[in-house]
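Visitor: Pasting the sequence and the predicted coordinates here, then a few questions.
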Protein chains: 2
Amino acid sequence: MRDREEHLLEALENLFRTRHECSCTVFSECGLSDLTVRQVAYLKIIDEQGDITFSRLAEITRNSKPTITEMINKFVRMECVYRERCPEDGRVLYIRLTDKGQKIAKAEQAALRRMIERMMDSLDDQEQELLVRILQKVR
Amino acid sequence: MRDREEHLLEALENLFRTRHECSCTVFSECGLSDLTVRQVAYLKIIDEQGDITFSRLAEITRNSKPTITEMINKFVRMECVYRERCPEDGRVLYIRLTDKGQKIAKAEQAALRRMIERMMDSLDDQEQELLVRILQKVR
DNA sequence: TATAATTAGGTAAACCCTAACTAACGGAGG
DNA sequence: CCTCCGTTAGTTAGGGTTTACCTAATTATA
């Protein structure tokens, strides 16, 4: 019982470590290893929201518009985002992610996917099925 | 096959989300939700090293001693650490974690432990054994 | 005129430094 | 044995840079 708990701890620690390593790899592949947690969060918002403008991002993040301009300028310098003018209204600019920006915004999912690949590689069909079934039970 | 991958993805996402929620809970329980990644890292070093002095922490983190003094003063204000004079040498001070500091330094382990509790609760003996065995196979 | 974004110019906090200081230790000479 | 003095641990004073924010004024388009 105690013993099983220990083993589970070890196994999960290993899982989480692996996943963390995977997302770090993605970050350093982009040459941006020292991104802030906050910066990554902003990129994720931009990714999730789709057609997002400066005003809207200011609203969501509860920052002033100049703050957003500044932030986006920094991201542009990092080659993570670019501006795209709205064809219907020339005052409006959309914030778009570059490939690099996309990659960072989706780093965690990518890490998860890599982990799953590993799992699929090291487990046979039956084991995979079993694992899914067991994990689904945990709430 | 595709399907199983999807299920695995979902199940693992759930696992990781749960774990993240657990460590966030620990942080907000301490009333220090806006700690820096760096600050948490420092608390972990203090925790791991045991009898650590200012000079030693300066050495490990490659900072000057005044920087460490400043950092520790901030932690003292946050009630995460306190100073303890060395009984053998009156010049030396040990940096000690308070309960709060301990809690933060060990937040990740705590989160993992909570997750494991959940797992133990929602799985029977046989399932637990199986899970451990399957997870151990993943490299 | 109103709205979207930018520019100019500023503040506060985080995170780092060197130089100078204080307090305690510990060995050498009286 | 005790005092003096160089050494060591940590602190204080005073500084710099960067980050992350702000308001007010400006530009361009609707």
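Guide: Here it is on my side, so go on. Note that the structure is predicted; figures quoted are calculated from it, not measured.
Visitor: Tell me which residue of chain A lies closest to DNA strand D.
Guide: Proximity of chain A to DNA strand D (Cβ to the nearest atom of the strand) peaks at A:Gly90, 2.6 Å away. Backbone N, C-alpha and C define where each C-beta goes, glycine included.
Visitor: interface residues of chain A facing DNA strand C?
Guide: Residues of chain A lying close to DNA strand C by Cβ under 7 Å from any atom of the strand are A:53-56, A:65-66, A:68-70, A:72-73, A:83, A:89, A:91-93.
Visitor: still on that earlier bit, contacts only, for the residue of chain A closest to DNA strand D.
Guide: In this structure, A:Gly90 makes contact with no residue, judged by Cβ atoms under 8 Å, 6 or more residues apart in numbering or on different chains.
Visitor: what about it, is that helix, strand or coil?
Guide: When classified by DSSP: H, G, I helix; E, B strand; the rest coil, A:Gly90 comes out as coil.
Visitor: Give the other helices and strands that the helix or strand of chain A with the lowest mean pLDDT contacts.
Guide: In chain A, no helix or strand scores lower on mean pLDDT, DSSP states H and E than helix A:2-29, which sits at a mean of 83. Counting contacts by 3 or more Cβ pairs under 8 Å, 6 or more residues apart in numbering or on different chains; DSSP states H and E, helix A:2-29 packs against helix A:99-105, helix A:107-122, helix B:2-29, helix B:107-122, helix B:125-137.
Visitor: Give the buried residues for that helix.
Guide: By neighbour count with 16 or more other Cβ atoms under 10 Å in any protein chain shown, helix A:2-29 contains the buried residues A:5, A:7-9, A:11-12, A:15-16, A:18-19, A:22-23, A:26-27.
Visitor: okay, the angle between it and helix B:107-122?
Guide: In terms of direction (axes from the mean of the first three to the mean of the last three Cα atoms, to 10 degrees), helix A:2-29 departs from helix B:107-122 by 130 degrees.
Visitor: So which elements touch the following helix or strand past helix A:2-29?
Guide: Heading C-terminal from helix A:2-29, the first helix or strand you meet, by DSSP states H and E, is helix A:37-49. Here helix A:37-49 touches helix A:54-61, helix A:65-77, strand A:93-97, helix A:99-105, going by 3+ Cβ pairs under 8 Å, 6+ apart.
Visitor: Check the offset of whichever helix or strand comes after the longest one from the chain's centre.
Guide: Yep, that's helix A:65-77 we're talking about. Downstream of helix A:65-77, the next assigned helix or strand under DSSP H and E is strand A:81-85. Distance, stretch centre to chain centre, for strand A:81-85: 20 Å (Cα atoms, centre = their mean, to the nearest Å).
Visitor: Same question for stretch A:132-139.
Guide: Its chain's average C-alpha position is 24 Å from that of stretch A:132-139, according to Cα atoms, centre = their mean.
Visitor: Show me what counts as buried in it.
Guide: Buried residues in stretch A:132-139 (16+ other Cβ under 10 Å): A:Val132, A:Ile134, A:Leu135, A:Val138.
Visitor: for stretch A:53-68, same thing?
Guide: A:Thr53, A:Phe54, A:Arg56, A:Leu57, A:Ala58, A:Ile68.
Visitor: Tell me the pLDDT of A:Met1.
Guide: Looking at A:Met1, its pLDDT is 65.
Visitor: Also A:Asp51?
Guide: Note on A:Asp51: pLDDT of 94.
Visitor: That one contacts A:Tyr94, correct?
Guide: Yes - using Cβ atoms under 8 Å, A:Asp51 is in contact with A:Tyr94, at 5.5 Å.
Visitor: And these two? Which one has more around it.
Guide: Legend: neighbour count by other Cβ atoms under 10 Å in any protein chain shown for A:Asp51 and A:Tyr94, higher for A:Tyr94 (17 against 11).
Visitor: give the contact list for that one.
Guide: Counting by Cβ under 8 Å, 6+ apart, A:Tyr94 has contacts A:Asp51, A:Ile52, A:Thr53, A:Arg83, A:Glu84, A:Arg85, A:Cys86.
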